[in-house]
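*Asks:* Could you look at this predicted model? Sequence included:
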Amino acid sequence: MSRWTMTYFSASIAFLLSGLVSIGSGYGTLSAVDAPDNLAIIHLIVIGWLGLLFCGALLQFVPVLSATHLRLPWLAAPALLALCLGLGLLTMGFLALGGRLPIDATIMSVGGMLLGIGFLCIMAMLATTIVAQRAFGISGFLVLVGLCALGVTIVLGNMFASLLAGVLDIPLLATHLAELAPYHAGLGILGWMTVTAIGVSYRLFAMFMLAPERTGARNPIAIAVPCALAALFSAIGLRFLDAAWAQTVTIVAVILLALIVGLYGQDVWRMFKARRRKTLELNSWTGLAALGFLALAAMLLVGAVSFSTNMALATAAFYLLIMGWLTGLGLGQLYKIIPFLTWLETYGPVMGRREVPRVQDLVDERHARPWFGTFYVSVLVGAAAILFGSDPLFRAATWIQCAAVAALALEYLRARRLSYAPLHVRLPPGAVRPHTICVTTQTKE
Ligand code: HEM
């Protein structure tokens, strides 16, 4: 078990709640996506929530995918510290830019550098673990490709931050900042997170549905993903050169993305049909719902890039990717991962010697089900609010999301505190109630 995964998860949920409360309380506006208030909240959610969630989960799963132990495990704690500190400074920098904090905005480039260091530590741990095995399946391959996209996202982010803070003076970059920002966002949300989520979920869906894995290296996704990323990288270069076909290359990248989503959906559908677990658990249903949001977002994105000059369509597509697809998938998988890790940590030492509960005994799906439903409906309402440009509706949808996330966080806490475990097997002799936000008994790292 990775010692720091639970700490990453705890921090990520705190960042998500703080982002949602900020939007609900009136920070940010739909009329200018690149306003400093919006950028502060966007990064709280994409780096604080999704970034830490992904890092924490990958520290746990990459060793499982690669059937080996995590390399450089001592980097996990300093990386978390650098990421939290860096995000704090970046957010303060955005608030300074917007005139909300009376401090020097150069702080945001220090934040960017700390974020770069934190992510570099994570990349080093994951990449060395994956390449330590000579053959890695599609999951490991997609995680590696995702890490390349993360690297470019960070470089672009740091260039933007230094430019906005006045630390860097590159007129060519300043002229192209507005048109390059969506590529930075696309590389982070699609290139890194979506590609990684697809890679890891091949394994997770197979595991949770008891379905045959579709992880063979000859999967066409293994070709389509690098092609889509290469198209995105080329489009960035062409934007710098003011080349006329930068837009055409971008459209090719987005169409490839839609193709990847189609291939992935087809694979998940085959796993769904071939599954041996006929009654699916809640986390599998929420994962399938998240996939529906991915498909919807991909269609909107193709429409936005190919036919529309309406910014709201692209914003709604990114919103559906961040909240419907990645957040929905993340909240659903946490509902399984937290009880599973808690179960391993608590009952692993006494397994085979004492009667212990099942993993599913640590949760009560009747409590969580309505909140997942509420969450997904509020995401649809939020997307509609973006399309109609209604700030009040968007804030109302965000408060509902916030209530759903808080209720789910309580369910995670109950699982972690063993609250639902039947009393007679809750703490057999030799088992210790786990610490809420970190793993104390480390079986392997
Ligand atoms: C070292 C880490 C990062 C730094 C320093 C950074 C910095 C920035 C800056 C300065 C901007 C504003 C650009 C502008 O003025 O329009 C920006 C925009 C944005 N960033 Fe980041 N970023 C980082 C990582 C990420 C990651 C990992 C993601 C997503 C996963 C992300 C998503 C976004 C989004 C969605 C926008 C708004 C784009 C738009 O206006 O169209 N950033 N970032």
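*Replies:* Thanks, I have it. Numbering: from 1, shown residues only.
*Asks:* ok, and for whatever helix or strand residue 251 lives in, which residues are buried?
*Replies:* Here residue 251, judged by DSSP states H and E, is contained in helix 246-274. For helix 246-274, the neighbour count (16 or more other Cβ atoms under 10 Å) marks 246, 249-257, 259-261, 263-265, 267-268, 271 as buried. (C-beta placed from N, C-alpha, C; glycine too.)
*Asks:* Kindly report the same for stretch 172-190.
*Replies:* 173, 176, 180-190.
*Asks:* Number of residues surrounding residue 39?
*Replies:* By other Cβ atoms under 10 Å, the residues close to residue 39 number 24.
*Asks:* For the stretch 151-300 of the chain, list the residues in contact with the ligand, please.
*Replies:* 153-154, 157-158, 160-161, 164, 177, 181-182, 184-185, 188-189, 193 (Cβ under 6 Å from any ligand atom).
*Asks:* Quick check: mean pLDDT of stretch 279-295?
*Replies:* Across stretch 279-295, pLDDT averages out at 96.
*Asks:* For it, which outside residues touch it?
*Replies:* Applying Cβ atoms under 8 Å, 6 or more residues apart in numbering, the external contacts of stretch 279-295 come out as 194, 201, 204-205, 208-209, 261, 264-265, 268, 272, 320-321, 324-326, 328-329, 331-333, 335-336, 360, 363, 365, 368-369, 372, 376, 379.
*Asks:* With stretch 370-377 instead?
*Replies:* 282, 285-286, 289, 293, 324, 328, 331-332, 400-401, 403-405, 407-408, 411.
*Asks:* Can you say which of these are buried?
*Replies:* Buried among the contacts of stretch 370-377 by 16+ other Cβ under 10 Å: 282, 286, 289, 293, 324, 328, 331-332, 400-401, 403-405, 407-408, 411.
*Asks:* so which pair among those residues is furthest apart in space?
*Replies:* Greatest spatial distance among these (Cβ to Cβ): 293 and 411, at 21.1 Å.
*Asks:* separation between residue 272 and residue 200?
*Replies:* Using Cβ to Cβ, to the nearest Å, one gets 17 Å for the distance from residue 272 to residue 200.
*Asks:* Residue 190 now?
*Replies:* Taken as Cβ to Cβ, the span from residue 190 to residue 200 is 15 Å.
*Asks:* Kindly state the pLDDT recorded for residue 217?
*Replies:* At residue 217, the model reports a pLDDT of 59.
*Asks:* for residue 417, same thing?
*Replies:* With respect to pLDDT, residue 417 has a value of 96.
*Asks:* Residue 106 is in contact with residue 167, correct?
*Replies:* Yes - counting by Cβ atoms under 8 Å, residue 106 is a contact partner of residue 167 at 5.8 Å.
*Asks:* quick check, distance from whichever strand or helix holds residue 185 to the centre of its chain.
*Replies:* Using DSSP H and E, residue 185 sits in helix 171-186. How far helix 171-186 lies from its chain's middle: 23 Å, per Cα atoms, centre = their mean, to the nearest Å.
*Asks:* tell me the angle of that helix relative to helix 246-274?
*Replies:* 20 degrees (axes from the mean of the first three to the mean of the last three Cα atoms, to 10 degrees).
*Asks:* mind listing what residue 95 touches?
*Replies:* Going by Cβ under 8 Å, 6+ apart, residue 95 touches 36-37, 40, 101.
*Asks:* SS state for residue 438?
*Replies:* Here residue 438 is coil, with the state taken from DSSP: H, G, I helix; E, B strand; the rest coil.
*Asks:* Which residue is the nearest non-sequential neighbour of it?
*Replies:* The spatially closest residue to residue 438, leaving aside those adjacent along the chain, is residue 7, at 5.0 Å (Cβ to Cβ, 6 or more residues apart in numbering).
*Asks:* what's the closest of the buried ones among the contacts of stretch 370-377 to the ligand?
*Replies:* Set against the ligand, the nearest of the buried ones among the contacts of stretch 370-377 by Cβ to the nearest ligand atom is residue 324 (15.1 Å).
*Asks:* Verify the contact between that closest one and residue 298 for me.
*Replies:* No - judged on Cβ under 8 Å, residue 324 makes no contact with residue 298 at a distance of 11.4 Å.
*Asks:* Figure out the helix or strand that the one residue in the stretch 301-445 of the chain that gets nearest to the ligand lives in.
*Replies:* With Cβ to the nearest ligand atom as the measure, residue 318 is the residue of the stretch 301-445 of the chain nearest to the ligand, at 6.4 Å. Using DSSP H and E, residue 318 sits within helix 311-319.
*Asks:* following that helix, which helix or strand comes up?
*Replies:* Downstream of helix 311-319, the next assigned helix or strand under DSSP H and E is helix 328-347.
*Asks:* Just checking that following helix against the ligand, any contact.
*Replies:* No - with Cβ under 6 Å from any ligand atom as the criterion, the ligand is not reached by helix 328-347; the gap is at least 12.7 Å.
*Asks:* gap between that helix and the chain center?
*Replies:* The answer for helix 328-347 is 16 Å, by Cα atoms, centre = their mean.
*Asks:* swap in stretch 129-145?
*Replies:* That offset, for stretch 129-145, works out to 19 Å (Cα atoms, centre = their mean).
*Asks:* Which positions in the stretch 1-150 of the chain make contact with the ligand?
*Replies:* 33-34, 39, 42-43, 46-47, 51, 90, 112, 115-116.
*Asks:* can you list the weak-confidence ranges in the stretch 201-350 of the chain?
*Replies:* 214-217 (pLDDT under 70).
*Asks:* follow-up on the earlier one: ok, residues contacting the helix holding residue 318?
*Replies:* 30, 33, 182, 185, 189, 297-298, 300-301, 303-305, 308, 379, 382-383, 386-387, 389.
*Asks:* Identify each buried residue in whichever helix or strand residue 10 is part of, please.
*Replies:* In this structure, residue 10 sits in helix 5-24 according to DSSP H and E. Neighbour-count burial for helix 5-24, with 16+ other Cβ under 10 Å as criterion, is recorded at 5-20, 22-24.
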